[in-house]
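Student: I'd like to go over a predicted model; first the sequence, then the structure.
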Amino acid sequence: MKAARRPMRALSGVPSYASARYVSRTSNAKSSVVASTSTNNLLQQTSPSTKEASGSPLAKLPLSSVLRSLVILSVSSSNLLLKPCIFALSTLAHPKTPVLDVAKNPLLNALVKHTLYRQFNAGENKLEVQRSIQDIKQLGYRGVLLGYAREVLVGEGNVDPRDEKAARAEIQTWLDGTLQTVDMAQEGDFVALKFTGMGTQVLQYLQQQAAPSEFMDKAIKQVCDLAVSRNARLLVDAEEQAVQHGIERWALKYQKYCNGQTPGRAIFYNTYQAYLRSTPATIAKHLEVARQEGYTLGVKLVRGAYLKTEPRHLIWAEKEETDACYDGVIEALLTRRYNSMLQPASAEHQTELPPVNVIIATHNRDSVRKAHAIRLEQAARAETHGVDLSYAQLQGMADEVSCELLQGFESGSSTTSTQESPNVYKLLTWGTVKECMGFLMRRAVENTEAVGRTKQSQEAMFGELKRRVFRVFGSGN
């Protein structure tokens, strides 16, 4: 059996597309699903250039974080330096000598832990993880999306999916780590799940779109029950199409199991990738399933992270079409009204969407600001249509977008005194330095596909450092 490739987590900003036609020409897609004129006016009111002076969004970050981010982003945005960096990370992730093994070389371990690891990861144990969560919340974030970095290397071992004992051992390894992760999360936090991390047999089930076995089902329900008891929430990662249809079947099963217990609130979320042409229809179908079965659908929308491995015809031909899909779907979900992008799956329900909870998981500033503007307009009319909304970006990436979002809600002139602060989250992974090397390598690879976005983040950090220097010497604000 050929194992599905597992390149990177599906939480990216604006992906860089292989097709020459996919180069970014503009961040504003030509689409009939763009926000209304009044929403666009609010968007202009809250843009960085016109917002009333209230301090730099990045002023929230400690100096050590700004300096570390500036160094790492400078490397990530350099075509000259990034490739050697990826080669070095690949070598550390698959060491051939003890000297290059971060688990055996204490000096190398310390170097990685206090640079790349600290930029993107939460910690190696419960104490470090909960300290990181607390630090993030003190910056104004609602909480974290926490994932376990250790991976079961599907397809690289000699585990026969027909070997029930070995398959159960892989599932138990996944279960132990996932239960630890849920235990580390705090009330209201999210925990990321990767079904293919359960092992070779699970991968085969997903590829065949088969229902989980009794042992698999029991393991997943253990995670669900613990999350419900701790008032935490679960997110299933999107993966390649070879297994994604199976993942979606499982996600609907456990959404019904979890979300049916809490009317109006989603505990279990599925991830949808906007660069797929089929995504609007898939979401519409899942909304109708949730309506019929009486639970609230949990939707996390990303742009997508498997471009290099997916059949090209499944993906929008132009980047602007992906942008239009993302923004159009979000507008429909937030307003709970079908539109030209998100069409109803049932002829019986042509207007209002059923209850839905939404996570806008993107590093794209324009998409975040458009959603923000819709919520401001709704707040001005004292209506949110009952949609629970959260925003999420990776820790150490697009920090300027996250901080700007927080500041916009805090200081926007259109907000009311009764408006709630935004639910902004940072995605973190935890595990030993050794366990996190694969995750760190994928972050570097992701940056090769989004150098432009990374460059913007680097410039934002440099501007923040310059602002602080000028302030110290009395030459700036």
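Tutor: Now that the structure is in, tell me what you want to look at. What you see is a predicted model; the values in this text were computed from it and never measured.

Student: C-alpha from now on. contacts and neighbour counts both.
Tutor: Fine.

Student: Break down the stretch 151-300 of the chain into its helices, ranges please.
Tutor: 164-184, 200-207, 214-229, 241-259, 279-293 (DSSP state H, counting those that start in this stretch).

Student: how far off helix 214-229 does the second one point, in degrees?
Tutor: Inter-element angle recorded for helix 200-207 and helix 214-229: 90 degrees (by axes from the mean of the first three to the mean of the last three C-alpha atoms, to 10 degrees).

Student: Equivalent analysis for the first one, please.
Tutor: What separates the directions of helix 164-184 and helix 214-229 is an angle of 0 degrees, with the same axes, to 10 degrees.

Student: can I get the CA coordinates of helix 164-184 in PDB?
Tutor: Output in PDB follows, covering the C-alpha atoms of helix 164-184 (Å, rounded to 0.1, in the frame of the first residue of the first chain):
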ATOM      1  CA  GLU A 164      -3.900  -6.100  14.500                       C
ATOM      2  CA  LYS A 165      -1.500  -6.000  17.500                       C
ATOM      3  CA  ALA A 166       0.900  -3.600  15.800                       C
ATOM      4  CA  ALA A 167      -2.000  -1.500  14.500                       C
ATOM      5  CA  ARG A 168      -3.400  -1.200  18.000                       C
ATOM      6  CA  ALA A 169       0.000  -0.200  19.300                       C
ATOM      7  CA  GLU A 170       0.200   2.700  16.800                       C
ATOM      8  CA  ILE A 171      -3.300   3.800  17.700                       C
ATOM      9  CA  GLN A 172      -2.500   3.700  21.400                       C
ATOM     10  CA  THR A 173       0.600   5.800  20.900                       C
ATOM     11  CA  TRP A 174      -1.500   8.400  19.200                       C
ATOM     12  CA  LEU A 175      -4.200   8.200  21.900                       C
ATOM     13  CA  ASP A 176      -1.700   8.600  24.700                       C
ATOM     14  CA  GLY A 177      -0.200  11.700  23.200                       C
ATOM     15  CA  THR A 178      -3.500  13.200  22.200                       C
ATOM     16  CA  LEU A 179      -5.000  12.700  25.700                       C
ATOM     17  CA  GLN A 180      -1.900  14.400  27.100                       C
ATOM     18  CA  THR A 181      -2.500  17.400  24.800                       C
ATOM     19  CA  VAL A 182      -6.100  17.700  25.800                       C
ATOM     20  CA  ASP A 183      -5.000  17.600  29.400                       C
ATOM     21  CA  MET A 184      -2.600  20.400  28.800                       C
END
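
Student: So which elements touch it?
Tutor: With contacts taken as 3 or more C-alpha pairs under 8 Å, 6 or more residues apart in numbering; DSSP states H and E, helix 164-184 sits against helix 126-138, strand 143-148, strand 190-193, helix 200-207, helix 214-229.

Student: residues of the longest one that come out buried?
Tutor: Right, helix 214-229. Across helix 214-229, burial judged by 16 or more other C-alpha atoms under 10 Å covers 216, 219-220, 223-224, 227-228.

Student: now for that helix, which elements pack on it?
Tutor: Against helix 214-229 (3+ C-alpha pairs under 8 Å, 6+ apart) you get helix 164-184, strand 233-236, helix 241-259.

Student: Let's have the helices of the stretch 151-300 of the chain in TSV, adding distance to Val387.
Tutor: Putting these into TSV (distance: least, C-alpha to C-alpha, whole Å) gives the following:
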stretch	distance to Val387
helix 164-184	25
helix 200-207	31
helix 214-229	20
helix 241-259	14
helix 279-293	13
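
Student: how about these in CSV, adding distance to Val102 and mean pLDDT?
Tutor: Output for the helices of the stretch 151-300 of the chain, formatted as CSV (distance: least, C-alpha to C-alpha, whole Å; pLDDT from 0 to 100):
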stretch, distance to Val102, mean pLDDT
helix 164-184, 21, 93
helix 200-207, 27, 93
helix 214-229, 31, 97
helix 241-259, 32, 95
helix 279-293, 40, 96
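
Student: Thr97 is nearest to which of those helices?
Tutor: Smallest distance to Thr97 across the helices of the stretch 151-300 of the chain (C-alpha to C-alpha): 26.3 Å, for helix 164-184.

Student: Residues in contact with the closest one: which ones?
Tutor: Contacts with helix 164-184, where a contact means C-alpha atoms under 8 Å, 6 or more residues apart in numbering, come from 126, 129-130, 146-148, 152, 159-161, 191, 193, 197-201, 215-216, 219-220, 223, 226-227, 230, 232.

Student: for stretch 85-101, same thing?
Tutor: Outside stretch 85-101, the residues touching it (C-alpha under 8 Å, 6+ apart) are 75, 102, 104-105, 108, 434, 437-438, 440-441, 444-445.

Student: hang on, the earlier thing: quickly compare the helices of the stretch 151-300 of the chain and say which is most buried.
Tutor: Across those, averaging neighbours per residue (mean count of other C-alpha atoms under 10 Å) puts helix 200-207 on top, at a mean of 23.

Student: Could you name the helices and strands sitting against that one?
Tutor: helix 164-184, helix 241-259.

Student: tell me the angle it makes with helix 241-259.
Tutor: Going by the same axes, to 10 degrees, helix 200-207 makes 90 degrees with helix 241-259.

Student: gap between helix 200-207 and the chain center?
Tutor: Mean-position distance between helix 200-207 and its chain equals 24 Å (C-alpha atoms, centre = their mean, to the nearest Å).
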